Structures are given as structure tokens and as C-alpha cells.
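Trainee: Starting from these lines, generate the structure:
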Amino acid sequence: MKIELKQLTFGWRQHPLFERIDAFLPGGEMVLLRGENGSGKTTLLKLMAGMIPHFSRGRCLSGDILLNGGSLVRQPPKSFFPLIAWVPSRHLDFYLLNTTLSEEILLIKTVLSGETEAVEQRRIHFQSLFPEIGALMNVPVQDLQARQKMLCLLAVYFLQGAGLWLLDEPFRFLQESDIPRLERFFGLLQKKNGIIVASTHRGFESDRPVWQLQGGRLIRD
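Mentor: Got it, this is the predicted structure:
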């Protein structure tokens, strides 16, 4: 697993939001993406997820983003299924396709029919980290709190076997007591050769490497 940003320039209007960004992340790495409001954190994550330019377009886009050698700019997100986990900061319901988590798991096992045993093992592992997920299996998505929806979405991507995790302000949904468990979850993903990029401007203290968006540039630790 690897992702590379090559001379990436993007803007919604005439002037680019950021210009000529070069960066590389191999499997097993995690970075925190930081920057002021409006600096482009969410936009950069959407580009890395393939949401831009395939679901929304800006005024200018040049350069490329390569996931395992494939272009996220030229190829639609479905070309990379199930590698990409996109966890937005709003409208989580949109990414949970079924009424309940148990129905989501059934769909995953159907789509990944050759990996049923592996999917079940991942479910058991996820539930050992977040035991409350068991009580949410048959609760309608619309009845869940934002924090619970995020846990369900994390479970879905984990069961699918996602390798690139892009999380937009995930800590805003969580209680302080949740953060150590989320850190353990990130550690598990890294051991599985996953890549995690999580944006935050909240006072989340961590020894993780930081990417800072500032003045249209990406400044790395």
C-alpha cells in the first residue's frame, strides 16, 4: 500500500487553494493533517479519496495522486474498491448504504463472497476494540448518534479490508475516553500495512507526524 501526491494543484476558483504539493506515504504510516479553517484540509482528503474530481469539480486541477500506482484523478473511486475508507465530518448516513449495520455486514459478505471467513474475523476483532458495536447491529441508522454512526462506518470499512483511511475531523464525534481506543485501532491498521490521514484542528495531542497546510503549501514534519 502506498499513496503519492505529485505536483498536485487545486482550486475551487481562479486562484489555487494549494499548489504543487509533493508527498509520499508508504503502508503502515499515519499523519495528522492540520491547518486553519479554509486552508484546504477537507478538499485535500476528498482529492485523496477520489471524491474530487469525480463527484465535484473545481476551477483548476493539475498533477496527480497515485494509489498503488493507479491515478485517483483519472480513475473513478469504484476502481479502487475496497481500498479506500472515507470518513467525512458530516452526512455520515450517506455512506451507510443500508438500514442497519447488520444489513451492511450481510452486503459486505455477499460482495466479498470469497472472503466470508476473513470478514467475520475482522468483525470479531473490531468488536473487541469497540464492544458497544454489538448493541448497534440492528438499530436503524437514523436513530444513531453521530458518534455511533462513525463507529458503524469505521466497522464497515474495516470489514471490507480498506487500506487507505481518510478521516475528516474524526475526533469531533468522540468523547475523551474514546481516543485511546481509536489510537489502538489506528495502530492495528498500521500493522496491517494501512495508511491513515486524519485531519484535525482540535487540541488532539499525539506524537504522530503532522502535515500542515499553510499558505497553499504542504509543510511536513
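
Trainee: What residues does R59 make contact with?
Mentor: 11-14 (Cβ atoms under 8 Å, 6 or more residues apart in numbering). For every residue, glycine as well, the C-beta is placed using N, CA and C.

Trainee: among the residues you listed, which ones are buried?
Mentor: Buried members of those, counted by 16 or more other Cβ atoms under 10 Å: G11.

Trainee: where along this structure do the helices fall?
Mentor: For the chain, applying DSSP state H gives helices covering 41-49, 51-54, 101-111, 116-129, 146-160, 179-191.

Trainee: got the CA coordinates for the first one in CSV?
Mentor: Put plainly, it is helix 41-49. What follows is helix 41-49, C-alpha atoms only, in CSV (Å, rounded to 0.1, in the frame of the first residue of the first chain):
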residue,chain,number,x,y,z
LYS,A,41,-7.8,20.1,4.7
THR,A,42,-11.2,18.6,3.7
THR,A,43,-10.5,19.3,0.0
LEU,A,44,-7.2,17.5,0.1
LEU,A,45,-8.8,14.5,1.7
LYS,A,46,-11.6,14.5,-0.9
LEU,A,47,-8.9,14.5,-3.6
MET,A,48,-7.1,11.6,-2.0
ALA,A,49,-10.4,9.7,-1.7
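
Trainee: So for this protein, the centremost residue is which one?
Mentor: L166 (2.2 Å; Cα atoms, centre = their mean).

Trainee: can you list the weak-confidence ranges in the protein?
Mentor: Low-confidence segments of the chain (pLDDT under 70): 201-206.

Trainee: How is it divided into domains?
Mentor: With domains defined by automatic domain parsing, the chain comprises 1-76+164-173+198-221, 84-162.

Trainee: and the first one, how far from the chain's centre?
Mentor: Okay, so that is domain 1-76+164-173+198-221. 11 Å (Cα atoms, centre = their mean, to the nearest Å).

Trainee: gap between the two ends of that domain?
Mentor: 21 Å (Cα to Cα, to the nearest Å).

Trainee: can you check stretch 78-86 too?
Mentor: Using Cα to Cα, the end-to-end distance of stretch 78-86 comes to 13 Å.

Trainee: buried residues in it?
Mentor: 80, 82-86.

Trainee: just those now: which is nearest E132?
Mentor: A85 (19.9 Å; Cβ to Cβ).

Trainee: List the residues that contact the closest one.
Mentor: Going by Cβ under 8 Å, 6+ apart, A85 touches 154, 157-158, 160, 162, 164-167.

Trainee: Greatest separation within those: which pair is it?
Mentor: Q160 and L167 (15.5 Å).

Trainee: ok, back up a step: dump the domains of the chain to CSV, plus distance to K192.
Mentor: Shown next, in CSV, are those (distance: least, Cβ to Cβ, whole Å):
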stretch, distance to K192
domain 1-76+164-173+198-221, 8
domain 84-162, 9
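
Trainee: Which among the ones you listed is found nearest to G187?
Mentor: Here domain 1-76+164-173+198-221 is closest among the domains of the chain (Cβ to Cβ), at 8.8 Å.

Trainee: still on that earlier bit, which pair of the contacts of R59 spans the longest distance?
Mentor: W12 and Q14, at 9.3 Å, using Cβ to Cβ across the contacts of R59.

Trainee: tell me the contacts of I21?
Mentor: 5, 7-9, 44, 63, 217-218.

Trainee: So which of those residues is surrounded by the most neighbours?
Mentor: Within the contacts of I21, most neighbours by other Cβ atoms under 10 Å means L44, with 28 neighbours.
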